[in-house]
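[1] Kindly generate the corresponding structure for this input.
(2 chains)
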Amino acid sequence: MISPSHFASVLLFALFASVVFGITQRETPQRMFRYGIYCFALFVGSAILLSWVMYAIAR
Amino acid sequence: MAATENKNAGGQSTKEGFVYLPLILGWLVPGGGHFLLRKWGRGGLLAISILSMFALGLAMQGRLYANAHDILEMLGLAGDLGSGLLYFVGRALGLGTESVQLTTADYGTRFIVVAGLLNVIAAVDAHNLRTGRKA
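    This next block holds a predicted model:
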(Lines give C-alpha, C1' and ligand atoms only; values in the text may rest on other atoms or scores of the structure.)
Protein backbone atom coordinates (compact mmCIF):
# COMPACT_ATOMS: atom_id res chain seq x y z
CA MET A 1 0.00 0.00 0.00
CA ILE A 2 1.20 3.51 -0.73
CA SER A 3 -0.01 6.59 1.09
CA PRO A 4 1.03 9.82 -0.63
CA SER A 5 0.35 13.11 1.10
CA HIS A 6 -2.66 15.19 0.12
CA PHE A 7 -0.47 17.52 -1.95
CA ALA A 8 1.34 14.65 -3.68
CA SER A 9 -2.08 13.19 -4.54
CA VAL A 10 -3.12 16.55 -6.00
CA LEU A 11 0.05 16.68 -8.13
CA LEU A 12 -0.43 13.12 -9.43
CA PHE A 13 -4.12 13.69 -10.16
CA ALA A 14 -3.36 16.98 -11.93
CA LEU A 15 -0.56 15.43 -13.98
CA PHE A 16 -2.56 12.48 -15.33
CA ALA A 17 -5.78 14.43 -15.89
CA SER A 18 -3.88 17.25 -17.66
CA VAL A 19 -2.18 14.79 -20.04
CA VAL A 20 -5.55 13.35 -21.06
CA PHE A 21 -7.22 16.77 -21.33
CA GLY A 22 -4.35 18.16 -23.40
CA ILE A 23 -4.37 15.28 -25.87
CA THR A 24 -8.13 15.04 -26.24
CA GLN A 25 -9.13 18.71 -26.26
CA ARG A 26 -6.62 20.16 -28.73
CA GLU A 27 -5.51 19.18 -32.22
CA THR A 28 -1.84 20.04 -32.70
CA PRO A 29 1.00 18.77 -30.46
CA GLN A 30 2.08 22.29 -29.52
CA ARG A 31 -1.43 23.32 -28.49
CA MET A 32 -1.89 20.00 -26.65
CA PHE A 33 1.24 20.68 -24.63
CA ARG A 34 0.22 24.25 -23.82
CA TYR A 35 -3.31 23.23 -22.83
CA GLY A 36 -1.92 20.41 -20.67
CA ILE A 37 0.33 22.86 -18.83
CA TYR A 38 -2.62 25.27 -18.47
CA CYS A 39 -4.85 22.54 -16.98
CA PHE A 40 -2.09 21.38 -14.63
CA ALA A 41 -1.55 24.94 -13.38
CA LEU A 42 -5.30 25.42 -12.86
CA PHE A 43 -5.68 22.11 -10.96
CA VAL A 44 -2.74 22.76 -8.65
CA GLY A 45 -3.36 26.50 -8.32
CA SER A 46 -7.02 26.08 -7.43
CA ALA A 47 -6.16 23.35 -4.88
CA ILE A 48 -3.63 25.66 -3.19
CA LEU A 49 -6.04 28.62 -3.27
CA LEU A 50 -8.94 26.59 -1.83
CA SER A 51 -6.62 25.20 0.86
CA TRP A 52 -5.76 28.74 2.01
CA VAL A 53 -9.45 29.72 1.92
CA MET A 54 -10.33 26.73 4.12
CA TYR A 55 -7.42 27.56 6.43
CA ALA A 56 -8.71 31.13 6.76
CA ILE A 57 -12.27 29.94 7.45
CA ALA A 58 -11.12 27.44 10.08
CA ARG A 59 -9.17 30.07 12.08
CA MET B 1 -18.25 14.83 -47.04
CA ALA B 2 -15.22 16.13 -45.17
CA ALA B 3 -15.70 13.58 -42.41
CA THR B 4 -15.48 10.60 -44.71
CA GLU B 5 -12.62 11.96 -46.80
CA ASN B 6 -10.32 12.53 -43.83
CA LYS B 7 -7.21 10.42 -43.64
CA ASN B 8 -5.33 9.23 -40.57
CA ALA B 9 -1.59 9.53 -39.90
CA GLY B 10 -0.82 6.39 -41.91
CA GLY B 11 -2.54 7.86 -44.97
CA GLN B 12 -5.28 5.22 -44.73
CA SER B 13 -8.81 6.38 -45.56
CA THR B 14 -10.96 6.55 -42.41
CA LYS B 15 -14.14 5.38 -44.13
CA GLU B 16 -12.95 1.77 -44.24
CA GLY B 17 -14.06 -0.72 -41.56
CA PHE B 18 -16.35 -0.52 -38.57
CA VAL B 19 -16.63 3.12 -37.49
CA TYR B 20 -17.17 2.35 -33.78
CA LEU B 21 -14.18 0.00 -33.44
CA PRO B 22 -11.77 2.69 -32.08
CA LEU B 23 -14.46 3.76 -29.58
CA ILE B 24 -15.03 0.22 -28.32
CA LEU B 25 -11.34 -0.72 -28.30
CA GLY B 26 -10.49 2.60 -26.64
CA TRP B 27 -13.00 1.84 -23.90
CA LEU B 28 -11.81 -1.74 -23.37
CA VAL B 29 -8.07 -0.92 -23.43
CA PRO B 30 -6.84 2.56 -22.47
CA GLY B 31 -5.22 4.14 -25.55
CA GLY B 32 -6.32 1.19 -27.70
CA GLY B 33 -8.45 3.31 -30.02
CA HIS B 34 -5.52 5.61 -30.75
CA PHE B 35 -3.19 2.65 -31.31
CA LEU B 36 -5.69 1.28 -33.83
CA LEU B 37 -5.55 4.61 -35.68
CA ARG B 38 -1.72 4.54 -35.55
CA LYS B 39 -1.56 7.51 -33.18
CA TRP B 40 1.21 5.82 -31.22
CA GLY B 41 2.42 8.84 -29.23
CA ARG B 42 -1.03 10.00 -28.14
CA GLY B 43 -2.14 6.44 -27.40
CA GLY B 44 0.97 5.74 -25.35
CA LEU B 45 0.57 8.87 -23.23
CA LEU B 46 -3.13 8.19 -22.69
CA ALA B 47 -2.44 4.55 -21.76
CA ILE B 48 0.33 5.51 -19.31
CA SER B 49 -1.81 8.21 -17.67
CA ILE B 50 -4.97 6.13 -17.31
CA LEU B 51 -3.20 2.90 -16.28
CA SER B 52 -1.06 4.79 -13.75
CA MET B 53 -4.08 6.49 -12.27
CA PHE B 54 -5.99 3.21 -11.98
CA ALA B 55 -2.99 1.36 -10.51
CA LEU B 56 -2.24 4.17 -8.05
CA GLY B 57 -5.88 4.11 -6.96
CA LEU B 58 -5.66 0.40 -6.19
CA ALA B 59 -2.25 0.82 -4.51
CA MET B 60 -3.82 3.46 -2.25
CA GLN B 61 -6.39 0.80 -1.24
CA GLY B 62 -9.13 2.46 -3.26
CA ARG B 63 -12.39 0.61 -3.69
CA LEU B 64 -13.87 -0.80 -6.90
CA TYR B 65 -17.63 -0.26 -6.85
CA ALA B 66 -19.44 -3.58 -7.22
CA ASN B 67 -23.11 -2.70 -6.73
CA ALA B 68 -25.45 0.25 -6.92
CA HIS B 69 -27.46 0.51 -3.72
CA ASP B 70 -27.73 4.28 -3.77
CA ILE B 71 -27.22 7.09 -6.25
CA LEU B 72 -23.61 7.79 -5.21
CA GLU B 73 -22.64 4.14 -5.61
CA MET B 74 -24.41 4.09 -8.97
CA LEU B 75 -22.35 7.08 -10.16
CA GLY B 76 -19.17 5.49 -8.81
CA LEU B 77 -19.95 2.24 -10.60
CA ALA B 78 -20.58 4.15 -13.85
CA GLY B 79 -17.20 5.85 -13.47
CA ASP B 80 -15.43 2.57 -12.69
CA LEU B 81 -17.01 0.86 -15.69
CA GLY B 82 -15.37 3.50 -17.90
CA SER B 83 -12.06 1.72 -17.31
CA GLY B 84 -13.27 -1.17 -19.46
CA LEU B 85 -11.21 -4.35 -19.08
CA LEU B 86 -9.20 -2.89 -16.20
CA TYR B 87 -12.36 -2.87 -14.08
CA PHE B 88 -13.37 -6.42 -14.98
CA VAL B 89 -9.82 -7.78 -14.45
CA GLY B 90 -9.62 -5.93 -11.13
CA ARG B 91 -12.92 -7.42 -10.01
CA ALA B 92 -11.92 -10.89 -11.21
CA LEU B 93 -8.68 -10.67 -9.19
CA GLY B 94 -10.59 -9.53 -6.13
CA LEU B 95 -8.88 -6.13 -5.99
CA GLY B 96 -10.43 -3.06 -4.36
CA THR B 97 -12.86 -5.00 -2.20
CA GLU B 98 -11.78 -3.67 1.21
CA SER B 99 -13.91 -1.02 2.86
CA VAL B 100 -12.53 2.52 2.84
CA GLN B 101 -11.12 3.38 6.29
CA LEU B 102 -8.28 5.78 5.52
CA THR B 103 -8.23 9.17 3.81
CA THR B 104 -5.69 7.76 1.36
CA ALA B 105 -8.09 4.97 0.43
CA ASP B 106 -10.79 7.56 -0.28
CA TYR B 107 -8.38 9.39 -2.60
CA GLY B 108 -7.62 6.03 -4.22
CA THR B 109 -11.31 5.40 -4.86
CA ARG B 110 -11.56 8.80 -6.59
CA PHE B 111 -8.45 8.03 -8.65
CA ILE B 112 -10.08 4.83 -9.92
CA VAL B 113 -13.35 6.57 -10.80
CA VAL B 114 -11.57 9.44 -12.58
CA ALA B 115 -9.33 6.99 -14.47
CA GLY B 116 -12.53 5.47 -15.87
CA LEU B 117 -13.98 8.85 -16.81
CA LEU B 118 -10.72 9.92 -18.49
CA ASN B 119 -10.74 6.64 -20.40
CA VAL B 120 -14.21 7.45 -21.73
CA ILE B 121 -12.96 10.87 -22.90
CA ALA B 122 -9.98 9.18 -24.61
CA ALA B 123 -12.25 6.62 -26.31
CA VAL B 124 -14.56 9.38 -27.61
CA ASP B 125 -11.48 11.23 -28.89
CA ALA B 126 -10.44 8.09 -30.80
CA HIS B 127 -13.95 7.96 -32.29
CA ASN B 128 -13.68 11.61 -33.35
CA LEU B 129 -10.34 10.88 -35.01
CA ARG B 130 -11.89 7.92 -36.78
CA THR B 131 -14.83 9.89 -38.13
CA GLY B 132 -12.62 12.82 -39.14
CA ARG B 133 -14.24 15.25 -36.71
CA LYS B 134 -10.76 15.80 -35.28
CA ALA B 135 -7.44 15.82 -37.10
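
[2] B:L95: what's its closest spatial neighbour, skipping adjacent residues?
    Computed as C-beta to C-beta, 6 or more residues apart in numbering or on different chains, the closest residue to B:L95 that is not its neighbour in sequence is B:L58, at 5.4 Å. For the C-beta atoms, the positions are set from N, CA and C on the backbone; glycine is no exception.

[3] what residue ranges in the chain are flagged as low confidence?
    By default, I'm working from chain A. Applying pLDDT under 70 to chain A flags no residue at all.

[4] not what I meant, chain B
    B:1-15.

[5] List, one by one, the residues from it near chain A.
    Applying C-beta under 8 Å from any C-beta of the partner chain, we find that chain B lies next to chain A at B:42, B:45-46, B:48-50, B:52-53, B:56, B:59-61, B:102-104, B:107, B:110-111, B:114-115, B:118, B:121-122, B:124-125, B:134-135.

[6] From those, which land in helices?
    Counted as lying in helices by DSSP state H, out of the residues of chain B next to chain A, are B:42, B:45-46, B:48-50, B:52-53, B:56, B:59, B:103-104, B:107, B:110-111, B:114-115, B:118, B:121-122, B:124-125.

[7] ChimeraX command for the buried members of the residues of chain B next to chain A?
    With 16 or more other C-beta atoms under 10 Å in any protein chain shown as the criterion, this ChimeraX line picks the buried residues out of those:
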select /B:42,45,46,49,50,52,53,56,59,60,61,104,107,110,111,114,115,118,121,122,124,125,134
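
[8] Next, count neighbours for A:I48.
    Counted by other C-beta atoms under 10 Å in any protein chain shown, the residues lying close to A:I48 total 12.

[9] Also A:R34?
    Using other C-beta under 10 Å, A:R34 has 13 neighbouring residues.

[10] List the buried residues for the host helix or strand of it?
    Using DSSP states H and E, A:R34 sits within helix A:29-58. Neighbour counts over helix A:29-58 (16+ other C-beta under 10 Å) mark A:32, A:35-36, A:39-40, A:43-44, A:47 as buried.

[11] Out of those, which is nearest to chain B?
    Closest approach between the buried residues of helix A:29-58 and chain B, by C-beta to the nearest C-beta: A:M32, at 8.2 Å.

[12] which residues touch that closest one?
    Residues counted as contacts of A:M32 (C-beta atoms under 8 Å, 6 or more residues apart in numbering or on different chains) are A:22-23, A:25-26.

[13] Let's see that with 10 Å instead.
    By C-beta atoms under 10 Å, 6 or more residues apart in numbering or on different chains, the residues touching A:M32 are A:19, A:21-26, B:42, B:45.

[14] Can I have the buried ones of those residues as a PyMOL selection?
    This is the PyMOL syntax for the buried subset of the contacts of A:M32, where burial follows 16+ other C-beta under 10 Å:
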select buried, (chain A and resi 19+21+22+23+24+26) or (chain B and resi 42+45)
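
[15] So which of the contacts of A:M32 are in strands?
    Among these, none falls in strands (DSSP state E).

[16] would you turn the contacts of A:M32 into CSV with distance to B:G31?
    Listed next are these as CSV, based on distance: C-beta to C-beta, whole Å:
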residue, distance to B:G31
A:V19, 11
A:F21, 15
A:G22, 14
A:I23, 10
A:T24, 11
A:Q25, 16
A:R26, 17
B:R42, 8
B:L45, 8
